[in-house]
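S.K.: need a structure here:
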Amino acid sequence: NTGASSANTVRNLRLTGTSRLRLDAWGFQLVLEGVSGTAATRTAGDATVIWSGSNSYSGPIQFERGGYLNDSSLASAITQSNTSSFLGGSGTFGSIVSFGGTIMPGRQFANAGVLSASGSIALSALTSLRLQITNTVGHDALVAGGTFNYGNAKLLLDSLPLSPVPDGTMYQLFNAASFVNNISSLTGLTRYGQGFAPPTFPGADANGNWVSDVLYNGQTDRKSTRLNSSHA
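M.R.: This is a model prediction of the structure:
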């Protein structure tokens with residue numbers, strides 16, 4: 001895997017036994033399409049694995065390092081186990097467990113998306129959730145069909161300050177059948193720059209809503225952006 005950073009696609013692969021993907025080239029991308037089988041896969045290295053198109057693969061996935069993007073529908077249970085890794089995409093897993101690392105639904109740089117699990121999602125205190133909120137291309141979300149265990153994970157909000165967000169806007173960032181534990185902290189980021197300060201969040205109000213204290217584009221109304229700390 002010493003090729004260029006452009007995507008390299010493998011199609012119609014059947015995984016049996018135990019399979020290990022080790023992709024050490026930083027910036028290298030491996031796209032998987034039409035993959036079948038139930039073999040357990042273990043992925044390491046600094047490259048990015050991307051699931052695309054239709055796949056019937058359902059084996060458990062151990063994700064240790066680098067990037068992992070799922071834009072397909074997989075029945076697999078994925079386990080993220082390294083703080084230097086990032087998990088994203090707009091697809092579905094069977095379940096998601098994160099012992100550390102960053103989860104970024106969709107794609108970076110103003111490409112909002114919804115990453116979901118048909119079953120449960122379980123996070124840890126070493127997990128960072130990095131979500132985008134915008135008034136132009138929607139917002140990121142993380143959705144579980146079963147229980148969502150926040151595990152005291154950290155929430156980092158990227159904002160795209162191209163146009164004001166209407167006062168009273170509610171962003172549904174998380175959804176699940178039930179929730180356990182909570183988000184430990186909420187931080188506003190300025191990844192996109194453009195001279196605007198990030199939103200600041202002094203804490204949850206009496207109703208469990210994270211209320212912005214200062215917003216971009218000069219908005220300062222504390223009711224402008226509300227983020228429910230348990231399920232919104």
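S.K.: Tell me who's in contact with residue 93.
M.R.: The contact partners of residue 93, taken as Cβ atoms under 8 Å, 6 or more residues apart in numbering, are 61, 70, 74, 75, 76, 77, 78, 116, 117, 118. Where C-beta positions appear, they are placed from N, C-alpha and C, glycine not excepted.
S.K.: Tell me the bridge partners for it.
M.R.: residue 117 (DSSP bridges).
S.K.: thinking again about what came up before, can you redo the contacts of residue 93 as JSON lines with pLDDT and distance to residue 85?
M.R.: Shown next, in JSON lines, are the contacts of residue 93 (pLDDT from 0 to 100; distance: Cβ to Cβ, whole Å):
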{"residue": "61", "pLDDT": "92", "distance to residue 85": "12"}
{"residue": "70", "pLDDT": "96", "distance to residue 85": "13"}
{"residue": "74", "pLDDT": "96", "distance to residue 85": "17"}
{"residue": "75", "pLDDT": "96", "distance to residue 85": "21"}
{"residue": "76", "pLDDT": "96", "distance to residue 85": "16"}
{"residue": "77", "pLDDT": "97", "distance to residue 85": "16"}
{"residue": "78", "pLDDT": "97", "distance to residue 85": "11"}
{"residue": "116", "pLDDT": "97", "distance to residue 85": "19"}
{"residue": "117", "pLDDT": "98", "distance to residue 85": "17"}
{"residue": "118", "pLDDT": "98", "distance to residue 85": "22"}
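S.K.: can you redo those as JSON lines with neighbour count and distance to residue 27?
M.R.: Listed next are the contacts of residue 93 as JSON lines, based on neighbours: other Cβ atoms under 10 Å; distance: Cβ to Cβ, whole Å:
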{"residue": "61", "neighbour count": "23", "distance to residue 27": "22"}
{"residue": "70", "neighbour count": "25", "distance to residue 27": "19"}
{"residue": "74", "neighbour count": "22", "distance to residue 27": "24"}
{"residue": "75", "neighbour count": "16", "distance to residue 27": "30"}
{"residue": "76", "neighbour count": "21", "distance to residue 27": "25"}
{"residue": "77", "neighbour count": "19", "distance to residue 27": "28"}
{"residue": "78", "neighbour count": "21", "distance to residue 27": "22"}
{"residue": "116", "neighbour count": "23", "distance to residue 27": "27"}
{"residue": "117", "neighbour count": "23", "distance to residue 27": "28"}
{"residue": "118", "neighbour count": "15", "distance to residue 27": "31"}
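S.K.: Sitting in helices, which of these do you find?
M.R.: Among the contacts of residue 93, none falls in helices (DSSP state H).
S.K.: Can you add distance to residue 41 and give the residues you listed back as a markdown table?
M.R.: Shown next, in a markdown table, are those (distance: Cβ to Cβ, whole Å):
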| residue | distance to residue 41 |
| --- | --- |
| 61 | 5 |
| 70 | 13 |
| 74 | 11 |
| 75 | 13 |
| 76 | 8 |
| 77 | 11 |
| 78 | 10 |
| 116 | 20 |
| 117 | 17 |
| 118 | 19 |
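S.K.: what's the farthest-apart pair in those residues?
M.R.: Maximum pairwise distance in the contacts of residue 93, criterion Cβ to Cβ, is 15.4 Å, between 61 and 116.
S.K.: quick one: residue 84 from residue 65, how far?
M.R.: For residue 84, the distance to residue 65 equals 6 Å [Cβ to Cβ, to the nearest Å].
S.K.: of those two, who's got more company?
M.R.: residue 65 (21 against 11; other Cβ atoms under 10 Å).
S.K.: Next, the more buried one: secondary structure please.
M.R.: Under DSSP: H, G, I helix; E, B strand; the rest coil, residue 65 falls in the coil class.
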